[in-house]
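> how would this look folded up:
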Amino acid sequence: MWPDYYPPECPPPDARRDTIDVYRLVSADPPVPSDFVPVVLEMPHRTFAPEKFCIACGLSVFQSLEGALRVRARYKPLRNKRLARGTIQPQDGLVLETGESSHTTWWCQSKAPHANFTKVLNDDWA
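Here you go, the predicted structure:
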């Protein structure tokens, strides 16, 4: 059901199957599968604190546009990313609020998560 690299108890027991509209920082327009790779796979040599490893196995999304913009502005490597808007459905996996700025972790079970994100927003809407 979950990838082999997930630690035990991941996703956490309080994660939910929800329908939520979210934003994701992406590079491509339209979004492509490589825009939906968990940081634990994207940066395999990075060391994560044990309590953060499960979050690193999921995908970062934001429930508010303002939260996504705040995080993009705060971290230099993210400043050139675009914002894609999409909807996560219950069959797409589990979600849990895991940080500031409306940050939510999505433990994805969709084989094509990029398909949920069809609109890339330009900076003229901010």
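> for the residue nearest the centre of the chain, name its beta-bridge partners.
Residue closest to the average C-alpha location in the chain (Cα atoms, centre = their mean): residue 60, at 2.4 Å. Listed by DSSP bridges, the beta-bridge partners for residue 60 are residue 105.
> distance of it from residue 89?
For residue 60, the distance to residue 89 equals 18 Å [Cβ to Cβ, to the nearest Å]. (Glycine included, C-beta is placed from N, CA and C.)
> three-state assignment of residue 21?
Using DSSP: H, G, I helix; E, B strand; the rest coil, the structure places residue 21 in strand.
> hmm, residue 89 and it touching each other?
No - shown here, residue 21 and residue 89 do not form a contact pair, counting by Cβ atoms under 8 Å, at 10.8 Å.
> buried residues in the helix ranked longest in the chain?
Assignment by DSSP state H gives helix 65-74 as the longest helix of the chain. Buried residues in helix 65-74, defined by neighbour count with 16 or more other Cβ atoms under 10 Å: 65, 67-72.
> swap in stretch 40-48?
Result for stretch 40-48 [16+ other Cβ under 10 Å]: buried residues residue 40.
> span of it from start to end?
Terminal residues of stretch 40-48 are spaced 8 Å apart (Cα to Cα, to the nearest Å).
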